[in-house]
Each structure stands twice: as structure tokens, then as C-alpha cells.
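> just to be clear, the model below is a prediction. Sequence and coordinates:
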Amino acid sequence: MRKYFILIILGYLIIFTIFQGETMSQKKLPAQIQNYRESHEHVIINEYFNLLSIPNVSRDTTNIRKNTEFIKQMMEKRGIDARIIETKGKYVIEIQNFKNF
């Protein structure tokens, strides 16, 4: 379950990085996504494995916080303003602004 969630997040972040506010025809979109993925594959895989290397056990609040910080940094690297909200030991990432959209 966690892997699918992380893949979805990474997919959205990759797409946000590609577009950065530009409009494109639908015919060009799949090719641009594929080109971006192919040219950045090593970086994407490394980032994914770095995220997976952080333990994700709900009782381990220290590492859950690290997971949250890592995802927040991924978002910020792609121009998404985000902040972490802690609620009863749980962490939520609130998206505040898309700089490039």
C-alpha cells in the first residue's frame, strides 16, 4: 500500500516538474513525460529508494517525521510550497501554493 501511495506522489511531482505552468497539446504530453522520465530516471529512482529507506512504522514517530520532511522537501524542490502540520502525533502536509502553476 505504501509503495503505491509513494508512486502516486512521485508521479504527481514529476508531472508538476515537467509542466511548470506551460500549456501543451495532448499529443506532445506523453512524449514529453517519457523524455523527462528517461532523462531523469537515475535521479527519480535514487529519490524513490531514499524515501523507501526511511522506516515507515506508525509507532516510530521519529522516522514518520523524517518521511514527512522528505516528502515536503520533494515538493519544495518542484516549486510546491508546503508545510507540515502535526496533529496528535500524526503529520499532514498542507500544500499552500504552486509556484510554477
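The structure has been received and is ready for your questions.
> which parts of this protein are helices?
Applying DSSP state H to the chain gives helices spanning 2-19, 28-39, 41-52, 61-77.
> so which of these gets nearest Val92?
Among those, the nearest to Val92 by CB to CB is helix 61-77 (8.3 Å). C-beta: built from backbone N, CA, C; applies to glycine.
> mind giving me the packing neighbours of the closest one?
Applying 3 or more CB pairs under 8 Å, 6 or more residues apart in numbering; DSSP states H and E, one finds that helix 61-77 contacts helix 2-19, helix 41-52, strand 80-87, strand 90-98.
> picking up where we left off before, which of the helices of the chain has the lowest average pLDDT?
With a mean of 66, helix 2-19 has the lowest mean pLDDT of the helices of the chain.
> need the winner for burial among the helices of the chain.
Compared across the helices of the chain, helix 61-77 shows the largest average neighbour count, a mean of 16 (mean count of other CB atoms under 10 Å).
> just want the angle from that helix to strand 80-87.
For helix 61-77 against strand 80-87, the angle between stretch directions is 160 degrees (axes from the mean of the first three to the mean of the last three CA atoms, to 10 degrees).
> and the contacts of helix 61-77?
Applying CB atoms under 8 Å, 6 or more residues apart in numbering, the external contacts of helix 61-77 come out as 9-10, 13, 47, 50-51, 54-58, 82-84, 89, 91, 93, 95.
> run the last query once more with 6 Å
Helix 61-77 is touched from outside by 13, 51, 54-56, 82, 84, 89, 91, 93, with contacts defined as CB atoms under 6 Å, 6 or more residues apart in numbering.
> what's the angle from that helix to strand 90-98?
Going by the same axes, to 10 degrees, helix 61-77 makes 10 degrees with strand 90-98.
> how distant is helix 61-77 from the center of its chain?
Relative to its parent chain, helix 61-77 has a centroid offset of 10 Å by CA atoms, centre = their mean, to the nearest Å.
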